[in-house]
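In: sequence and computational prediction follow.
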Amino acid sequence: MDGLSIARLRMHQQHLSGPSCADPPSVVRRLGCVQSQEYAVAKWSLAQRCAPGVVDADVQRLLDDGTILRTHILRPTWHFVLGAELGWIQALTGPRVHVFNGYYNRMHELDPDTAERTNAVIVAALSGGNHLTRPELGAALASAGFAATGNKLGYVVMFAELSGLIANGVRRGKQHTYALVSERVAAPVSLSPEEGLAELTRRYFTSHGPATVKDFAWWSSLTVKQIKQGIALCGPALTSAEVDGRTVWFAADGPEPAPPPAAALLQGYDEYVVAFSDTKYAYNLAGLAPAPGQYNENSMFHPIAFDGQIGAFWRRKLTAKSITLEVDLFAEPTARQRKALTEEAERYGAFAGLPVTLTFV
């Protein structure tokens, strides 16, 4: 096994090549959690792994009805997670994320006793089917004597998310809302801490592997000790190999991977790209990058994979009637790859419900 083999197997296990997932909930279940910072294109990441025909409105309905929830979980950042599975994943990883958030919680005087009170205010404000925006939650907190705006309000609300109390509600136009998990999830899955650790470990290395313990620690916020325990709990379900001086873990019964797609229009926080720290290099073995000064640290760009390796970035320019995808090539694609990229852009347009124009800059 080498870096190219890692990339090829990951694409297959993440359903970017080979068989498609049945539907968006199957994608989220397969991957465990799906980073969803950039909301619009994160929904594309789910549809992309399904058979053609899934559109933005289909994914939005699943988020509005609570089948899929969007919340702060894992590192923490925004992720999609199945509503029924949010509880056990948050119970396993949330305490670790509270540790990571400790500096900002202390800065905002959000000690455990205070957080217990702010959580109670938030729960009361949302009870009875209320779906409120973050500023509306801020107003409820202010009325209860807890003034919080901006970054402080974000951490107060995040504390309630990481405690498994709240997640997204029904979208109100372009505004995101929060709602009570207890009112959105009718039949939550219940796992013991040991069962949860084994399941998340198995799921990560099956869907994201081959990957290292360090990769999983980055993705999950779990400790190395916890991860080693999780691997032991998985027993023969996982196997390992040595690659470039690293031990990588993956499903023992994994299939022979299908060839990677000639072109894949990925979003910048796609799990194929963002879910690794130690072996991130596998998707860009040539080390291709934009020219110096072309982007700054605040630029948002999305990668294009040609045969599993990054060969370009794209930006989305949206109007009411069309989408333009500006593509910056790092390497000249073959005719086969260009054709596949055109087809991928057309599929994205069908998902978004708007005609797409490709331009090369």
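Out: Structure's in. What do you need? Computed from a prediction, not measured in an experiment: that's the story for all the values here.

In: mind listing the helices for the stretch 1-150 of the chain?
Out: Under the criterion DSSP state H, counting those that start in this stretch, the stretch 1-150 of the chain contains helices at 3-13, 24-31, 39-48, 56-64, 86-100, 102-107, 112-126, 134-143, 150-162.

In: residues touching the fourth one, excluding its own?
Out: Outside of helix 56-64, the residues within contact range by Cβ atoms under 8 Å, 6 or more residues apart in numbering are 24-25, 40, 43-44, 46-47, 68-70, 80, 168, 170-171, 351-353. Any C-beta I mention is one placed from the backbone N, CA and C, and that applies to glycine too.

In: can you say which of these are buried?
Out: Buried members of the contacts of helix 56-64, counted by 16 or more other Cβ atoms under 10 Å: 24-25, 43-44, 46-47, 68-70, 80, 168, 351-352.

In: strands along the protein, start to end?
Out: For the chain, the strands defined by DSSP state E cover 34-35, 68-73, 77-82, 166-168, 178-180, 238-243, 246-251, 264-265, 302-306, 309-318, 323-329, 356-360.

In: which positions in stretch 216-236 come out as buried?
Out: Buried, per 16+ other Cβ under 10 Å, within stretch 216-236: 216-222, 226-227, 229-231, 233-234.

In: ends of it, how far apart?
Out: This stretch, stretch 216-236, spans 18 Å end to end (Cα to Cα, to the nearest Å).

In: pull the distance from that stretch to the chain's centre.
Out: Put simply, stretch 216-236 sits 19 Å off its chain's centre (Cα atoms, centre = their mean, to the nearest Å).

In: which ones are touching the spatially closest residue to L354 that is not a sequence neighbour?
Out: Of all residues not flanking L354 in the chain, I323 sits nearest, at 5.0 Å (Cβ to Cβ, 6 or more residues apart in numbering). By Cβ under 8 Å, 6+ apart, I323 lies in contact with R316, K317, Y348, G349, A352, L354, P355, V356, T357.

In: just the buried ones from those, in PyMOL syntax?
Out: Of the contacts of I323, the buried ones go into a single PyMOL selection, burial set by 16+ other Cβ under 10 Å:
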select buried, resi 316+348+349+352+356
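
In: wait, which of the buried residues of stretch 216-236 is closest to G287?
Out: W218 (20.2 Å; Cβ to Cβ).

In: ok, the residue lying closest to that closest one once chain neighbours are set aside - contacts?
Out: Using Cβ to Cβ, 6+ apart and skipping residues adjacent in sequence, the residue nearest W218 is S277, 3.8 Å away. Taking Cβ under 8 Å, 6+ apart, we find S277 in contact with K214, D215, A217, W218.

In: per-residue confidence for S277?
Out: pLDDT for S277: 97.

In: ditto for the one 10 residues further on
Out: G287 is assigned a pLDDT of 91 by the prediction.

In: how many residues are close by the residue lying closest to it once chain neighbours are set aside?
Out: Closest residue to G287 apart from its sequence neighbours, by Cβ to Cβ, 6+ apart: Y281 at 7.9 Å. Neighbourhood size, Y281 [other Cβ atoms under 10 Å]: 13.

In: could I get the strands of the chain as TSV with mean pLDDT and distance to V55?
Out: Formatted as TSV, the strands of the chain follow (pLDDT from 0 to 100; distance: least, Cβ to Cβ, whole Å):
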stretch	mean pLDDT	distance to V55
strand 34-35	98	18
strand 68-73	98	15
strand 77-82	97	17
strand 166-168	98	19
strand 178-180	98	24
strand 238-243	98	36
strand 246-251	98	31
strand 264-265	98	16
strand 302-306	97	19
strand 309-318	95	16
strand 323-329	96	14
strand 356-360	96	14
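
In: out of the ones you listed, nearest to P193?
Out: strand 68-73 (16.5 Å).

In: restricted to helices, list the buried residues of stretch 216-236.
Out: Judged by DSSP state H, helices contain the following of the buried residues of stretch 216-236: F216, A217, W218, W219, S220, Q226, I227, Q229, G230, I231, L233, C234.

In: can you tell me which two in the residues you listed are farthest apart?
Out: For those, the maximum inter-member distance is 20.3 Å, found between W218 and L233 (Cβ to Cβ).
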